[in-house]
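Enquirer: My questions concern the predicted model and sequence given below.
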Amino acid sequence: MGSHPTSAPTTLVDLLDRSADARPGAMALADGRARLDWRTYRERADRVAAALSVAGVAPGDRVGVSMPKSVDAFVAVHGVLRAGAIVVPVDRLAPAEYGRSVLIHSGACAVVSSQPPDRLAEVLDGTDVTRVVDPTGDLPAPVTAPTGRRPDDDAYIIFTSGSTGRPKGIVHTHASALAYADAAVETYDLGPGDVLTNIAPLHFDQSTFELYAAPLAGSATIVVPDGLARFPASVAALVADERATVWYSVPFAISQLVERGALAEHDVSSLRWVLYGGEPFPPAALRRAMAAIPSARFSNVYGPAELNQCTYHHLDAPPPDEMAIPIGRAWSAAQVMLVDDDDRRIDGTGEGELLVAGPTMMRAYWNAPDLTGAAVVERDGARWYRTGDRVRRRPDGDLVFQGRTDHQVKVRGHRIELEAVDAALADHPAVEACAALVDRRGDDRVVAVVAPAPDASTERDLIRHARARLPGYAVPTRIVGLGTLPRTGTGKVDRRAAERIYIDLDDRRDDDPAP
Amino acid sequence: MIPDANSISTFTDELVAFIDRDVSAGHEPVEADTDLVMTGLVDSLGVVLIVEWLEERLGIRIDPADVVIEHFDTARSMVDYLRSRGDCTVD
């Protein structure tokens, strides 16, 4: 039993087979409450797949996954894949309106969810979803029917809130996801002895590391539940108890672990890798983190969700100064190119937009050829993704992120189009003009300046208004009123000037003696 | 609904009003026993905002080791935790 060598998977459908055949009884998943070995992980996924097939879900159908983070969430994703269907993670904590638009836009016909029916009904209202499978409920016996999936078929779609408020779906194929998993296993030398820590939610592309690279390598995964993830000391205890070896998250979660994780009481020296990505790590905070977890090698991971990952930069020593940490150089599954404002290739040192090519690239944006055409360009016989990131190449070849070519920002790893926040505020009748900003002086808080100045009750109403339209991380935590907003020569709101005014006002407020 | 200034009578009410007004990501009103964490009403930054507010309002330091889910899943759990410290008066 299980002694025959399993050939390398060609789709995500049979990804679990490799570890389930090779080490059926070894731990695969744990979440602080439940633990699953590889045999059970596969069997439970096959029960979900059977339930979806019985419900009439066919290969190629889109299936929403709306689950609290747990071992069952991972089972749900692989269950959908093993039914041959396409995974559409749905943020269960986002406003119902947003979840609904993701389901409608993807054309999902079924959902895997353990949520209470009343909350789910609110999200499903007006969608084409007619079937719901609860992976924690009674499920049929596992059967694996051949799905006929090929490497170029679509495997999953990750939605981000686009600049117009219409969700943008990043479609990955089985081949592009496996190319990522392969390169991740190689770059971080993952194996059966590793225990990965899943911090990111399923609708965030970082989770593909634990969903797909872990079963390829035979590494176990600790799935940190959503609720627990807000409490660094509880997360530190889980890392210590499970002897986690690899951590991957946004810098914010690492700083939280280091500053509020009570690491003197929780021994996290089992960590050999701390990977961060999604946004830059301020060097001073990174030095503190490296000092607090000396057992681990730290590495900067760079790559938009359209490619999962493109470059890496391993830190062999703490950053000596406050210069930005490089995003490093292309990993084995990517080629990079810099182009200037006239689209001319920059060889050697210089600064320009970063273009990336490679087998990990998405197939397209879901049902949006206009967006795909603007982002993916043919050049020198290859498909290149225009990242929209301005990058500088240093003399030593390392790349350094310099900023965006548009108004997209990252807040605790989440992509936010500032125009989308503007739009959510601007359709409130009390707002004539507004500009959303990120206050980078502490925990990266989204704030907004608004004209005319709202009174206290209007300000509260504005925040509620934004909450109904935006995911939580994009909702301004503060709204500051101004008589008028600064404008550029062309009459547009001058976001940089507005930011200076905001910080100036805020500093003065802090200097006021307490009443 | 958010209680207006006159109806805030206890520290718990004040804390609930703060969470409802400045932290909660939901549309439903927050109450003292609302599960803030598993429902996703409060995210990581929300926990930080609550801890900052409590420290400032009560003039105390909250040890990171005390910021665990058992003490912060509802407003009532927070008040129970604060009472158990014995160094601040809350009602």
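Expert: That came through, no problem.

Enquirer: Point me to the residue of the stretch 51-200 of chain A nearest chain B.
Expert: Using Cβ to the nearest Cβ, the closest approach of the stretch 51-200 of chain A to chain B is made by residue A:93 at 3.2 Å. The way it works is simple: take the backbone N, C-alpha and C, and place the C-beta from them, glycine included.

Enquirer: For that residue, give me its contacts.
Expert: By Cβ atoms under 8 Å, 6 or more residues apart in numbering or on different chains, residue A:93 lies in contact with A:226, A:472, B:25, B:39-40, B:43.

Enquirer: ditto for residue A:167
Expert: Applying Cβ under 8 Å, 6+ apart, the residues contacting residue A:167 are A:98, A:101-102, A:105, A:159-161.

Enquirer: quick revisit: next one: the residue of the stretch 51-200 of chain A closest to chain B relative to residue A:73, how far apart?
Expert: 13 Å (Cβ to Cβ, to the nearest Å).

Enquirer: how about the nearest residue to the residue in the stretch 351-500 of chain A that chain B sits nearest to, chain neighbours excluded?
Expert: Using Cβ to the nearest Cβ, the point where the stretch 351-500 of chain A gets nearest to chain B is residue A:472, with a distance of 3.8 Å. Nearest residue to residue A:472, sequence neighbours excluded (Cβ to Cβ, 6 or more residues apart in numbering or on different chains): residue B:25, at 3.8 Å.

Enquirer: Give the full set of residues in contact with the residue of the stretch 351-500 of chain A closest to chain B.
Expert: A:93-94, B:25, B:40, B:43.

Enquirer: And the contacts of the least confident helix or strand in chain B by mean pLDDT?
Expert: Sorting the helices and strands of chain B by mean pLDDT, DSSP states H and E puts helix B:44-58 at the bottom, at a mean of 88. Identification of contacts with helix B:44-58 by Cβ under 8 Å, 6+ apart yields A:229-231, A:252-253, A:256, A:412, A:443, A:445, A:473, A:477, B:14-15, B:18-19, B:22-25, B:36, B:42, B:60-62, B:67, B:72, B:78, B:82, B:88, B:90.

Enquirer: From the residues you listed, list just the buried residues.
Expert: A:229-231, A:252-253, A:256, A:412, A:443, A:445, A:473, A:477, B:14-15, B:18-19, B:23-25, B:36, B:42, B:62, B:67, B:72, B:78, B:82, B:90 (16 or more other Cβ atoms under 10 Å in any protein chain shown).

Enquirer: Report the central residue of chain A.
Expert: Computing the C-alpha centroid of chain A and ranking residues by Cα atoms, centre = their mean puts residue A:204 first, at 2.4 Å.

Enquirer: Please tell me I have it right and that residue contacts residue A:412.
Expert: No: between residue A:204 and residue A:412 there is no contact, the gap being 10.3 Å when judged by Cβ atoms under 8 Å.

Enquirer: Against residue B:30, how distant is the most centrally placed residue in chain B?
Expert: Closest residue to the average C-alpha location of chain B: residue B:75 at 4.4 Å, with Cα atoms, centre = their mean. Look at residue B:75 and residue B:30: by Cβ to Cβ, they are 7 Å apart.

Enquirer: Mutual contacts of these two, please.
Expert: B:16, B:19, B:36.

Enquirer: if we can go back for a sec, list the buried residues in the least confident helix or strand of chain B.
Expert: B:44-51, B:53-54, B:58.

Enquirer: ditto for stretch A:276-290
Expert: A:276-283, A:286-290.

Enquirer: Can you list the residue ranges for strands in the stretch 101-250 of chain A?
Expert: Using DSSP state E, counting those that start in this stretch, the strands of the stretch 101-250 of chain A run over residues A:110-113, A:131-133, A:154-161, A:167-173, A:195-198, A:220-223, A:246-249.

Enquirer: want to throw these into TSV with mean pLDDT?
Expert: Listed next are those as TSV, based on pLDDT from 0 to 100:
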stretch	mean pLDDT
strand A:110-113	98
strand A:131-133	96
strand A:154-161	93
strand A:167-173	95
strand A:195-198	98
strand A:220-223	98
strand A:246-249	97
